[in-house]
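requesting a structural model of the entry that follows:
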Amino acid sequence: MQNNRDIASVWDMVQAIRRIQEFTTDVNYSEYLENILIQSAVERQFEILGEAARRISLEFQQLPNY
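A predicted model of the protein is given here:
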């Protein structure tokens, strides 16, 4: 059974992924490498993603995938 913290953590993960997609849409690799602002924004979203993933309970992680 999931708890509110698990739900909030998954929501944070989804939001971080959406932001990464938004920040990198129409940006090629060389543009990405030249733009420290985009790099920093993407890096921060990966940090948020990792922090949220660590908050997911073991019980929730072990739920079967359907």
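
any low-confidence regions in the protein?
For the chain, applying pLDDT under 70 flags the ranges 1-2.

which residues in it form helices?
4-24, 29-34, 36-55, 58-61 (DSSP state H).

in JSON lines, list the ones you listed along with mean neighbour count.
In this view, the C-beta of every residue, glycine as well, is placed from N, C-alpha and C. As requested, those are exported to JSON lines (neighbours: other Cβ atoms under 10 Å):
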{"stretch": "helix 4-24", "mean neighbour count": "14"}
{"stretch": "helix 29-34", "mean neighbour count": "10"}
{"stretch": "helix 36-55", "mean neighbour count": "14"}
{"stretch": "helix 58-61", "mean neighbour count": "10"}
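
quick one, phi psi at Thr25?
The phi/psi pair for Thr25 (degrees, to the nearest 10) reads phi -60, psi 130.

okay, now it: neighbour count?
Neighbourhood size, Thr25 [other Cβ atoms under 10 Å]: 7.

noted, bye for now.
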